[in-house]
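A.B. asks: predicted model follows, preceded by the sequence.
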Amino acid sequence: MITEIKEIKKVDSNLLAEYILQKWGNMSHLKLQKILFYVEAYHLAYFDNSIIDDNFQAWVHGPVSRKIYDLLKDKSVLHAELGYVKEANGADPSDVLKKALTKDQIDFINETVDELNQFSATQLENMTHTEEPWLAARKGYGIADRCEVIINKDLMKKFYRQEVYG
């Protein structure tokens, strides 16, 4: 049987963050950043492409999307709880995501976040601190040194693909 191959698509990271907060509830800024990183990392591993255009920087507390950080820096500190509140006449993130991505991508996001949401922000941070992509980007930096080096997406793809497929 011949089937249509759908193109893997990308979404804005802010939309993905809103979707995560809407579906899984309040979480700290730290936890949201780590979940976004892992969704991107495992999407690279499974689909061979990014799901968002953002890059992640190797900050002291783990990978951070500068774009999301800048959007939230006036509303949040590292451990502050974030939540989703629908704006008047605003589009529903679930509806927008369903129109923008393939069903496989939506299923992937849901399964990935379901798995990651069981961990605390600190556990997720500690996980990233033991993994090659973050460690490589921080090479030459001290444990508490400010670092804005971008985590290499090719290395993310290679590392997490190896983790998934052995």
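C.D. replies: Received, thanks. Computed from a predicted model, the values in this text were never measured in an experiment.

A.B. asks: identify the residue spatially nearest to the spatially most central residue of the chain, adjacent ones excluded.
C.D. replies: Centroid check for the chain by C-alpha atoms, centre = their mean gives Leu36 as the closest residue, at 1.3 Å. Closest residue to Leu36 apart from its sequence neighbours, by C-beta to C-beta, 6 or more residues apart in numbering: Ser65 at 5.7 Å. Using the backbone N, CA and C atoms, a C-beta is placed for each residue, glycine as well.

A.B. asks: and for Trp134?
C.D. replies: Excluding the flanking residues, the one nearest Trp134 by C-beta to C-beta, 6+ apart is Thr128, at 4.8 Å.

A.B. asks: what does Tyr165 give?
C.D. replies: Counting by C-beta to C-beta, 6+ apart, the nearest residue to Tyr165 once its immediate chain neighbours are dropped is Ala45, at 7.9 Å.

A.B. asks: pLDDT below threshold where in this structure?
C.D. replies: Low-confidence segments of the chain (pLDDT under 70): 1-6, 75-80, 84, 88.

A.B. asks: pull the longest helix from this structure.
C.D. replies: helix 29-47 (DSSP state H).

A.B. asks: and the residue nearest to Tyr165, what does it touch?
C.D. replies: Going by C-beta atoms under 8 Å, 6 or more residues apart in numbering, Ala45 touches 156-157, 160-161, 163-165.

A.B. asks: need those residues in CSV (columns: distance to Asp70 and secondary structure).
C.D. replies: What follows is the contacts of Ala45, written out as CSV (distance: C-beta to C-beta, whole Å; DSSP: H, G, I helix; E, B strand; the rest coil):
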residue, distance to Asp70, secondary structure
Met156, 21, helix
Lys157, 25, helix
Tyr160, 26, helix
Arg161, 30, helix
Glu163, 30, helix
Val164, 31, helix
Tyr165, 35, helix
